[in-house]
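just to be clear, the model below is a prediction. Sequence and coordinates:
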Amino acid sequence: MNKKETQYKILQAYDRIVEDRAGNGRAERLHGYEQAVRHRSKFESCGRVLTSPYGCEVTHWCRRPACPTCATFWGRKLGSALAAACPDAAPDDYRMATLILGLVPRPEDAFDQFWAWRRSLGNAVDYRRRAAGIDRAGWRGFGAAGSLELDQFETEEFLRLGTNKQAQYRALGFEPERARGPQWVTTVHALVHVGTLGDDTVRTFFQGAAPVVHLQGLREDKDFIESAEDILGYAAKVSLVTTLSGGETRPWSPDAIASYVAATMQSHGRQGFKVLIRPTGLRKKSIVESALGYLEPMPVII
């Protein structure tokens with residue numbers, strides 16, 4: 001599904017949500033109607049050059065998690081932010097990481113799972129940067145930037161997934177014999193500054209909260225900044241298809257897309273999909289402030 005098709009499907013989902021909450025007139029509108037109208041309007045005008053009240057031309061970004069235009073732009077910004085925070089690092093110090101946090105029956109649960117993981121990640125890194133008997137210097141140089149991605153499949157098509165996915169999901173505790181309906185897979189893609197810690201230390205650290213962890217080196221045929229931006233642009237992508245075995249893909253159902261879009265309306269915008277941990281050479285915010293301060297478009301800084 002290309003970008004235009006994705007945008008059209010999401011716009012249809014917004015229309016459906018607005019219609020469902022409109023009721024039979026102004027007096028019967030359901031809770032969240034105004035919010036849905038506002039989000040739809042922002043999404044539809046994303047990427048356009050608009051004239052501000054002061055007469056300046058500015059590019060409008062809706063910053064909606066379901067927006068493929070924002071996903072690519074802010075994903076690349078996030079990659080540049082991590083690279084800028086580690087100016088003396090070599091490309092070999094970085095890894096592309098994929099972490100699967102778990103499977104849940106609703107997209108709202110996936111967001112809750114991601115936010116809880118993000119906070120625990122910040123607390124764990126902060127502890128390792130201070131505790132005695134740990135490689136504090138290595139952890140002070142650790143950095144990570146990434147985004148949440150939701151995969152989705154129907155329980156009835158579990159056996160049509162690739163064998164690796166089936167094995168991974170069973171290892172996460174999923175029991176297709178007992179489950180019913182749609183399943184949402186909470187996945188995080190990230191660019192990680194491993195530094196002096198090494199792959200094994202970082203992998204073990206991530207596995208404390210993400211049972212499935214994959215680390216791989218960056219491509220050598222690309223400029224480092226380009227690779228960093230590509231990885232985070234990919235991490236923040238919006239994909240409304242399920243990949244089955246043999247490379248076959250199936251578009252999400254209208255119900256699944258509507259559930260996903262409705263859930264993203266409660267996610268503090270794209271800010272709620274991002275995580276950024278910088279090396280400690282920069283000014284540090286408190287963990288609580290970092291986790292709760294959703295100031296668009298700045299990423300979370302721990």
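That came through fine. Numbering: from 1, shown residues only.

flag the shaky bits of the chain, pLDDT-wise.
Applying pLDDT under 70 to the chain flags residues 27, 268, 281-302.

A strand includes Ala97, no?
Yes: applying DSSP: H, G, I helix; E, B strand; the rest coil, one finds Ala97 inside a strand.

that one bridge partners, please.
Counting by DSSP bridges, Ala97 is bridged to Ala190, Leu215.

what's around it, how many residues?
For Ala97, the neighbour count with other C-beta atoms under 10 Å is 24. Quick note: C-beta positions are derived from backbone N, CA and C, even for glycine.

residues in contact with it?
Taking C-beta atoms under 8 Å, 6 or more residues apart in numbering, we find Ala97 in contact with 144, 146, 188-192, 202, 206, 213-215.

go again using 10 Å as the cut-off
144, 146, 188-192, 194, 199, 202-203, 206, 210, 213-216, 231, 235 (C-beta atoms under 10 Å, 6 or more residues apart in numbering).

ok, of the residues you listed, which come out buried?
144, 146, 188-192, 194, 202-203, 206, 210, 213, 215, 231, 235 (16 or more other C-beta atoms under 10 Å).

list just the nearest of those to Arg48.
Ala235 (24.9 Å; C-beta to C-beta).

relative to Met96, how far out is the nearest residue to that closest one once chain neighbours are set aside?
Distance criterion C-beta to C-beta, 6 or more residues apart in numbering; nearest residue to Ala235, sequence neighbours excluded, is His189 at 3.4 Å. Using C-beta to C-beta, to the nearest Å, His189 is found at 7 Å from Met96.

next, count neighbours for the closest residue to Val125 other than its chain neighbours.
Nearest residue to Val125, sequence neighbours excluded (C-beta to C-beta, 6+ apart): Ile277, at 5.8 Å. For Ile277, the neighbour count with other C-beta under 10 Å is 25.

I'd say Ile277 and Leu121 touch.
Yes: shown here, Ile277 and Leu121 form a contact pair, counting by C-beta atoms under 10 Å, at 7.1 Å.

assess the claim that Val49 and Thr59 are in contact.
Yes: applying C-beta under 10 Å as the test, Val49 and Thr59 come out as touching, 5.6 Å apart.

what's the spacing between Glu108 and Tyr94?
33 Å.

between those two, who's got more neighbours?
Tyr94 (24 against 17).

that one: what's it in contact with?
Listed by C-beta under 10 Å, 6+ apart, the contact partners of Tyr94 are 82-83, 86, 143-144, 191-195, 217-218, 224, 227-228, 231.

can you give me the helices in the stretch 201-302 of the chain?
224-235, 254-264, 287-292 (DSSP state H, counting those that start in this stretch).
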